[in-house]
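>>> Dropping a prediction and its sequence here:
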Amino acid sequence: QVQLVESGGGLVQAGGSLTLSCAASGSIFSIRSMGWYRQAPGKQRELVADITSGGSANYAESVKGRFTISRDNAKNTVYLQMNSLKPEDTAVYYCNADKVVAAGVAGFLEVWGQGTLVTVSS
């Protein structure tokens with residue numbers, strides 16, 4: 001069974017920084033893409049950033065220049081460094097692992113973390 005465990009959320013003032021971490025555990029052979037999504041109250045879940053195993057990153061326009069995604073393939077861990085946070089960044093942030101190849105599982109898995117709350121006060 002593949003699980004994602006997130007950490008690093010919390011309360012921060014506008015202009016501050018936070019770093020989120022997400023570690024995948026289980027009998028994993030490979031993960032093609034890892035990323036972060038967020039869902040604010042009353043809104044749909046949206047992509048924040050994702051990164052392939054080769055290091056190619058993709059960002060939402062709203063976070064470009066402020067957030068940086070990185071990945072440690074050996075540890076199956078993805079990070080999201082968030083700088084210059086704004087109140088509109090307040091949301092539950094979810095880690096995602098896509099195209100996961102795991103022992104005993106035919107085909108690909110997509111796995112979600114439980115979510116971590118980020119609150120940015122004005």
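Happy to help now that I have it.
>>> Below-threshold pLDDT in this structure: ranges please.
Within the chain, the set of residues satisfying pLDDT under 70 is empty.
>>> Do you have the strands of it handy? List them.
In the chain, the strands defined using DSSP state E lie at 3-7, 10-13, 18-25, 28-39, 46-52, 57-59, 67-72, 77-82, 91-102, 109-112, 116-121.
>>> Let's have those in TSV, adding mean neighbour count.
To be clear about C-beta, it is placed using only N, CA and C from the backbone, and glycine gets the same treatment. Shown next, in TSV, are the strands of the chain (neighbours: other Cβ atoms under 10 Å):
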stretch	mean neighbour count
strand 3-7	17
strand 10-13	13
strand 18-25	19
strand 28-39	19
strand 46-52	19
strand 57-59	15
strand 67-72	18
strand 77-82	21
strand 91-102	20
strand 109-112	16
strand 116-121	17
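>>> Quick check: closest non-adjacent residue to residue 48.
Using Cβ to Cβ, 6 or more residues apart in numbering and skipping the chain neighbours, the partner closest in space to residue 48 is residue 36 (4.4 Å).
>>> Residue 110 too?
Using Cβ to Cβ, 6+ apart, the nearest residue to residue 110 is residue 98, at 5.1 Å.
>>> For beta bridges, what are the partners of the spatially most central residue of the chain?
A centroid search over the chain (Cα atoms, centre = their mean) returns residue 36, at 2.6 Å, as the residue closest to the centre. Beta bridges link residue 36 to residue 49, residue 95, judged by DSSP bridges.
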